[in-house]
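Participant: Okay, here's the prediction I keep looking at, along with the sequence it came from:
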4 protein chains.
Amino acid sequence: MSRPLLAVVAGVGPGAGAAIARKFASQYPVVCLARKPESFNDVVAEINSSGGKALGIATDLSSSTSLQAAMATIGAEFGEGYGLSAAIFNAGGKFVRKPFLELTQGEFASSCEVPGNGAFLFAQATIPLLLASVANSQHPPSLIFTGATAALKSSSQMAAFAAGKWIQRSLAQSLAKEFGPQGVHVSHAIVDGFVDTPQVRELVKETNPDAMISPAAIADAYWYLHMQPRNCFTWEMDIRPYVEKW
Amino acid sequence: MSRPLLAVVAGVGPGAGAAIARKFASQYPVVCLARKPESFNDVVAEINSSGGKALGIATDLSSSTSLQAAMATIGAEFGEGYGLSAAIFNAGGKFVRKPFLELTQGEFASSCEVPGNGAFLFAQATIPLLLASVANSQHPPSLIFTGATAALKSSSQMAAFAAGKWIQRSLAQSLAKEFGPQGVHVSHAIVDGFVDTPQVRELVKETNPDAMISPAAIADAYWYLHMQPRNCFTWEMDIRPYVEKW
Amino acid sequence: MSRPLLAVVAGVGPGAGAAIARKFASQYPVVCLARKPESFNDVVAEINSSGGKALGIATDLSSSTSLQAAMATIGAEFGEGYGLSAAIFNAGGKFVRKPFLELTQGEFASSCEVPGNGAFLFAQATIPLLLASVANSQHPPSLIFTGATAALKSSSQMAAFAAGKWIQRSLAQSLAKEFGPQGVHVSHAIVDGFVDTPQVRELVKETNPDAMISPAAIADAYWYLHMQPRNCFTWEMDIRPYVEKW
Amino acid sequence: MSRPLLAVVAGVGPGAGAAIARKFASQYPVVCLARKPESFNDVVAEINSSGGKALGIATDLSSSTSLQAAMATIGAEFGEGYGLSAAIFNAGGKFVRKPFLELTQGEFASSCEVPGNGAFLFAQATIPLLLASVANSQHPPSLIFTGATAALKSSSQMAAFAAGKWIQRSLAQSLAKEFGPQGVHVSHAIVDGFVDTPQVRELVKETNPDAMISPAAIADAYWYLHMQPRNCFTWEMDIRPYVEKW
């Protein structure tokens, strides 16, 4: 029997994560990771009820133990010989914006926790499975990170948030250079703008329907990256609404 | 009668240009521009004989007069009310690599001629037609430039070649910021590696089938960019073979 | 009595750190911080015996407690009302280069420890003292970070080392934007090449006397940055030997 | 008799150019180039009357003929065997900011004329003289370009102005990589902000004395770059007033 190939999405919430899971479910069984089950329950149910296959696992992405437990659960569900065609790291760090001298050491460290330590752990857990799938995955196995403009420039009072985004981009770039030649496609998306969810739209009082980034369009972008053959790998692309200033 | 929407590809040769024309011909009548008819004759014939519609026009892209004549020919062929859904500037400058003190003023200037002056003229000719098509183009009207790694860093003995690529990227970035909010999607692709044509493959003695960028994959990338809705515009993406060092 | 203005150099070893301490000692009493006293003993003795004033304090820069103790020692020595005209963060992270899958979580974290957490703690401890000295420091109070090329690009097998350098640069950039308008000059130096010490020269078998960066020249660069008036602040400069490839 | 070593400053006006000429005149006879004599007459007279030596030559920097004539005049004045310790290209392109579709081909081309063609001609004329002075110049012979923020990012309606700045930076970077290893120090300064002259201050109604960049401070920066030994070359530094947003 052939090795089942899965997609795993870390950081599934109401925005891009759910849309990415939905998109990749069109071809793969999808594993959804998030701290709280309520973050992925809806999309998991939706995929399972519409002919796809999804599994949600409550996971603390900054904990090695929790992530290992999640990987074991995947093995129990899909068989130990499963491979990965796609691993998406969509988990954000906590957003903090405040004067530097009011920032605590804990806030600074926790801003780096998920995009730094969490991304490291996720990459270590998934890359062996991506490498093992190079030969039999239809599309090059892909490891995609969701970044932000704050990964390129660090603004005033944004030291903590930017630190996490920079560390993640640095990791992604090193991995792209090491594992690209081994057939694993590592990409980093610069998401520049608000992702369109009802909550955020309410929060920022945006009325232009196209002024926020559509989660489905982000999912399409990641799917396009995954479709790229290995003679045409994109390491980085930026994404923003047409009206965004940059 | 509805306004016909076209795609125009400037710089159609045996590599990416022909593949881009072929790809966009699946949805649009395509106009192919190149200095010499032998550069576009084959792909124009192929598109016309396989159910698409293509028109080739010999054009000197660095000449305002020649480009205006080309635009007039398009009008004569498709009717003056035609619009543009896509304009692709794929024309390269002349490649020169030599010690700076051996470079002539003419070589330096001519390296900037096509990606500088030519790109400027092409943008001025096409943007009004792209703007006029925002309301009725299914996908946001797109202006896409083919760039290179030399647009990001300027190497020793590459002053002339790099100058052209930098000027083109500068132009593309300014246009993206000015016309994005008006609904026209301006993108710049960083093509990092050799494009796979029989001539270049022979020249560089490359035997790995995936070590050169597939023209068809570049065309797919540009098509993906064109498909992006305006709530998810990408300004820049890099493209390279999986084995490329960077 | 006027407030004494000091310079503090974190990361004083045989290379740039000692040279920076020596340079700034021409105008300020200098505090030298390093984990082990043998790292700063020689330069502290040299400064004190040649008419300057230096104090060395063994400090673990990644420990808030240790850094606070160092600051208290400075207060005890120079009086609680002391101010800072310059704070130099020259401490490097541990250099690690290995295949990503062989990297441990601890190695990754410890690479970020000094340039991430350590730089954060140092900035929090020194910025209030730099701000308080804006009015009476002859030259704008300066906070200078020693960075590296790995802060700009992240290479294969360099994920851990680069992560630390990126996080430090991100922090420095945010601080420059927040505290520049308050009169504190924050800079980041990109040191691209080996710093010339007998140990490193032996290690890399370099015989060209000018192919490694002179510690004294780095110190001159930092001193120049400190001399800049506030109508001419430099945030970033790169430094490399003339023969370095880049 | 030893070879006389000069400094030549292209683009001497009331702002940075005059200050640079004044600064370099402390060590070298200085040649001042500008289109109109009234641009350099005052500073030339001032240098000559205060113990230095200066020569002003009306030169059209975008004309090869005019520049060659200037070089011949220098030879007639200082003897054919003269060398160069410093060559400063401080000439700006014409500033244009307008909607892209209102920009003429001539405006776009002329924005690139001085920073593109002019910088090329200046580099070709001066580099042989800088190379010939490596052995006997006290400080590494230096070629310094004045750039701007528009050399790093290209804004809406700034296509013409940015094109010139990008092309100049591209040229400078290539030259730094080619001639650095030969002992000539090539640098590019990013001047981010208004240079403080009475005319500009009046124009922008700036009252904060430190909110505009001091010409003398720019001159000090260039002098510092020139002082760098060849084991510590800086390719690029940014310069801005402390209150500038970036």
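Facilitator: Received, thanks.
Participant: just checking, what packs against the one helix or strand A:Ala86 maps to?
Facilitator: When elements are defined using DSSP states H and E, A:Ala86 is found to belong to strand A:83-89. Strand A:83-89 sits against strand A:5-10, helix A:16-24, helix A:119-131, strand A:142-148, helix A:215-227, with contacts defined as 3 or more C-beta pairs under 8 Å, 6 or more residues apart in numbering or on different chains; DSSP states H and E. No exception for glycine: its C-beta is placed from N, CA and C like everyone else's.
Participant: Tell me how far it lies from the chain's centre.
Facilitator: Taking C-alpha atoms, centre = their mean, to the nearest Å, one finds the center of strand A:83-89 at 10 Å from the center of the full chain.
Participant: which residues sit against that strand?
Facilitator: Contacts made with strand A:83-89 from outside it, assessed by C-beta atoms under 8 Å, 6 or more residues apart in numbering or on different chains, are listed as A:3-11, A:20, A:24, A:27-28, A:118-119, A:122-123, A:126, A:129-130, A:132-133, A:136-139, A:141-146, A:168, A:222, A:226.
Participant: Which among those residues count as buried?
Facilitator: Using 16 or more other C-beta atoms under 10 Å in any protein chain shown as the burial test, the contacts of strand A:83-89 include A:3-11, A:20, A:24, A:27-28, A:118-119, A:122-123, A:126, A:129-130, A:132-133, A:137, A:139, A:141-146, A:168, A:222, A:226 as buried.
Participant: Excluding covalently adjacent residues, which one is nearest to A:Leu6?
Facilitator: By the measure of C-beta to C-beta, 6 or more residues apart in numbering or on different chains, the closest residue to A:Leu6 outside its immediate chain neighbours is A:Pro29, 5.1 Å from it.
Participant: can I assume the one you found is in contact with A:Ala54?
Facilitator: Yes - counting by C-beta atoms under 8 Å, A:Ala54 is a contact partner of A:Pro29 at 7.1 Å.
Participant: between those two, who's got more neighbours?
Facilitator: Between A:Pro29 and A:Ala54, counted using other C-beta atoms under 10 Å in any protein chain shown, the more crowded position is A:Ala54 (25 against 20).
Participant: does any part of stretch A:117-129 sit near chain C?
Facilitator: Yes - among the residues of stretch A:117-129, A:Asn117, A:Phe120, A:Leu121, A:Ala123, A:Gln124, A:Ile127, A:Pro128 lie within reach of chain C under C-beta under 8 Å from any C-beta of the partner chain.
Participant: in chain A, which helix or strand is least confident?
Facilitator: When the helices and strands of chain A are compared on mean pLDDT, DSSP states H and E, helix A:198-204 comes out lowest with a mean of 91.
Participant: ok so, going back, which strands border the strand holding A:Ala86, and is each parallel or antiparallel?
Facilitator: Strand A:83-89 has these partner strands in its sheet, going by DSSP bridges: strand A:5-10 (parallel), strand A:142-148 (parallel).
Participant: thinking again about what came up before, D:Pro37: which of the helices and strands packed on strand A:83-89 is closest?
Facilitator: Closest to D:Pro37 of those, according to C-beta to C-beta: strand A:142-148, at 53.3 Å.
Participant: Need the residues that contact the closest one.
Facilitator: Contacting residues not belonging to strand A:142-148 are listed as A:11, A:16, A:85-92, A:119, A:123, A:126-127, A:130, A:165, A:168-169, A:171-172, A:175, A:179, A:184-192, A:218, A:222, A:225-226 [C-beta under 8 Å, 6+ apart].
Participant: Then stretch A:155-164?
Facilitator: Residues external to stretch A:155-164 that are found in contact with it (C-beta under 8 Å, 6+ apart): A:93-100, A:103, A:107-108, A:111-116, A:150-151, A:153-154, C:116, C:120, C:167, C:170-171, C:173-175, C:177-178.
Participant: among those, which are within reach of chain D?
Facilitator: C:Lys177.
Participant: before we move on, the earlier item: take the helices and strands packed on strand A:83-89 and write them to CSV, including mean pLDDT.
Facilitator: As requested, the helices and strands packed on strand A:83-89 are exported to CSV (pLDDT from 0 to 100):
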stretch, mean pLDDT
strand A:5-10, 98
helix A:16-24, 98
helix A:119-131, 98
strand A:142-148, 97
helix A:215-227, 98
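Participant: ok so, going back, which of the residues of stretch A:117-129 next to chain C count as buried?
Facilitator: The neighbour-count criterion (16+ other C-beta under 10 Å) marks A:Asn117, A:Phe120, A:Leu121, A:Ala123, A:Gln124, A:Ile127 among the residues of stretch A:117-129 next to chain C as buried.
Participant: right, and the last one touches A:Gln182 too?
Facilitator: I take that to be A:Ile127. No - under the criterion of C-beta under 8 Å, A:Ile127 is not in contact with A:Gln182, lying 9.2 Å apart.
Participant: I'd like the average pLDDT over the longest helix along chain A.
Facilitator: When every helix of chain A is counted residue by residue (DSSP state H), the longest turns out to be helix A:159-179. The average of the pLDDT scores along helix A:159-179 is 97.
Participant: Counting by contacts, list what the next helix or strand after it packs against.
Facilitator: Using DSSP H and E, the helix or strand that follows helix A:159-179 in sequence is strand A:185-191. On a contact count with 3+ C-beta pairs under 8 Å, 6+ apart, strand A:185-191 meets strand A:142-148, helix A:159-179, helix A:215-227, strand A:236-239.
Participant: Direction included, what does strand A:185-191 pair against?
Facilitator: strand A:142-148 (parallel), strand A:236-239 (parallel).
Participant: and C:Ser63, which of those is closest to it?
Facilitator: The closest approach between C:Ser63 and any of the strands paired with strand A:185-191, judged by C-beta to C-beta, belongs to strand A:142-148 at 30.8 Å.
Participant: And the residue of chain A most remote from its centre, how close does it get to C:Gly81?
Facilitator: The outermost residue of chain A, judged by C-alpha distance from the chain's mean C-alpha position using C-alpha atoms, centre = their mean, is A:Leu101 at 31.2 Å. A:Leu101 sits 19 Å away from C:Gly81 when distances are taken as C-beta to C-beta, to the nearest Å.
Participant: What residues does chain A have near chain C?
Facilitator: Counting by C-beta under 8 Å from any C-beta, the positions of chain A adjacent to chain C are A:64, A:99-101, A:103, A:105, A:108-109, A:112, A:116-117, A:120-121, A:123-124, A:127-128, A:153-159, A:162-163, A:165-167, A:169-171, A:173-175, A:177-179.
Participant: Restricting to C-alpha, output the longest helix of chain A in CSV.
Facilitator: The C-alpha atoms that make up helix A:159-179 are tabulated as CSV, following Å, rounded to 0.1, in the frame of the first residue of the first chain:
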residue,chain,number,x,y,z
ALA,A,159,10.4,45.6,18.9
ALA,A,160,8.7,42.5,20.4
PHE,A,161,6.4,41.7,17.5
ALA,A,162,9.0,42.4,14.8
ALA,A,163,11.6,40.2,16.6
GLY,A,164,9.4,37.2,16.2
LYS,A,165,8.7,37.9,12.6
TRP,A,166,12.4,38.4,11.8
ILE,A,167,13.5,35.3,13.5
GLN,A,168,10.9,33.3,11.6
ARG,A,169,11.9,34.8,8.2
SER,A,170,15.6,34.1,9.0
LEU,A,171,14.7,30.5,9.8
ALA,A,172,12.6,30.1,6.6
GLN,A,173,15.4,31.5,4.4
SER,A,174,18.1,29.2,5.9
LEU,A,175,15.7,26.2,5.4
ALA,A,176,14.9,27.2,1.8
LYS,A,177,18.6,27.2,1.0
GLU,A,178,19.4,24.0,2.7
PHE,A,179,16.4,21.9,1.7
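Participant: All set, thanks.
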